[in-house]
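K.L.:
Below are the sequence and a predicted model; questions follow.
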Amino acid sequence: MANVDQAVVIFAVTHPAPNLNLLDRFLVMMERQDIPVIICFNKADLGDDELMESYRRVYEAAGYRVQFISTYNDRGLGELKEILAGKTTVLAGPSGVGKSSLTNCIQPRAAMETGDISRKIERGKHTTRHSELFLAGDETYMMDTPGFSSMYIEDLEAQELKDYFPEFQQFEENCKFLGCVHVGERVCGVKKALEEGKLSRSRYDNYLLMYEELKNKRRY
Ligand SMILES: Nc1nc2c(ncn2[C@@H]2O[C@H](COP(=O)(O)OP(=O)(O)OP(=O)(O)O)[C@@H](O)[C@H]2O)c(=O)[nH]1
Ligand SMILES: [Mg+2]
Ligand SMILES: [Zn+2]
């Protein structure tokens, strides 16, 4: 992803339901490459307000900008255009969330093919097969990409993972041990914050899953 200024990661609020584990993995990848991320939930026309607010709370608390959009009723598209203006942005996300639909909304000449999601398994059908870059305004470029369905974090020591969860940092001064990984340590500021509801449970649980995965990988 050379020469990219930022990534807009797109998930659907529903159809397909967002896989927050996949989102958190993507965020770690981008944090590692120092690429700013805007989190965009599409299909807001189908979304339940309470659910959408819960997503907003989790990710704004983690320090990310969260935008709700709909390519069907144009909700949030004006703000998204402002986010894109003057930058080169990669649109990333799982299949079927509306990346190509959004590309067509912003640059109708893109004429990207879009595809229904499978009703039965609620998954996209990998309609877009190659990444394509489009001019979307003055010095503004956007790249539509194929949907991803998994994300492997490589070449990372388990104990470094915490550095890519930006919201942990503010609580680390309350950790007793230097290099605390916030897993089994006694007197841990991050776990305390979690218990006090100052940190999102889903973010922390996904941290733990990734941590265990990275730790086990080292044994091979
Ligand atoms: N309800 C609703 N459906 C949408 C919206 N935007 C896109 N869709 C539908 O979602 C389906 C998938 O859209 P695409 O644009 O092909 O999704 P994609 O992310 O490009 O998928 P891949 O190319 O497979 O990665 C299509 O049936 C679209 O019509 C929206 O805002 N609301
Ligand atoms: Mg597509
Ligand atoms: Zn700790």
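P.N.:
Yes, it's here. Numbering: from 1, shown residues only. Ligands and ions are numbered 1, 2, ... in the order given.

K.L.:
which residues in this protein form helices?
P.N.:
Under the criterion DSSP state H, helices of the chain are mapped to 20-32, 49-61, 77-84, 99-106, 189-195, 201-217.

K.L.:
Out of those helices, which is the most enclosed?
P.N.:
Greatest average neighbour count among the helices of the chain goes to helix 99-106 (a mean of 22), per mean count of other Cβ atoms under 10 Å. All C-beta atoms are positioned from the backbone trio N, CA, C, and that covers glycine.

K.L.:
on that earlier part again, make TSV from the helices of the chain and add mean pLDDT to it.
P.N.:
What follows is these, written out as TSV (pLDDT from 0 to 100):
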stretch	mean pLDDT
helix 20-32	98
helix 49-61	97
helix 77-84	98
helix 99-106	98
helix 189-195	97
helix 201-217	95
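
K.L.:
looking at those, which is closest to ligand 3?
P.N.:
With Cβ to the ion, the closest approach to ligand 3 among these belongs to helix 189-195: 4.4 Å.

K.L.:
Model confidence at residue 2, what's the number?
P.N.:
The score at residue 2 is 62. That number is its pLDDT.

K.L.:
again but with residue 119, I slipped
P.N.:
On pLDDT, residue 119 comes in at 84.

K.L.:
Could you check how many residues crowd around it?
P.N.:
By other Cβ atoms under 10 Å, 8 other residues sit near residue 119.

K.L.:
Distance-wise, check residue 113 relative to residue 11.
P.N.:
As defined by Cβ to Cβ, to the nearest Å, residue 113 lies at a distance of 20 Å from residue 11.

K.L.:
Comparing these two, which shows the higher neighbour count?
P.N.:
residue 11 (23 against 9).

K.L.:
Just send the helices of the chain back as JSON lines, with distance to residue 125 too.
P.N.:
Formatted as JSON lines, those follow (distance: least, Cβ to Cβ, whole Å):
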{"stretch": "helix 20-32", "distance to residue 125": "17"}
{"stretch": "helix 49-61", "distance to residue 125": "24"}
{"stretch": "helix 77-84", "distance to residue 125": "24"}
{"stretch": "helix 99-106", "distance to residue 125": "12"}
{"stretch": "helix 189-195", "distance to residue 125": "38"}
{"stretch": "helix 201-217", "distance to residue 125": "26"}
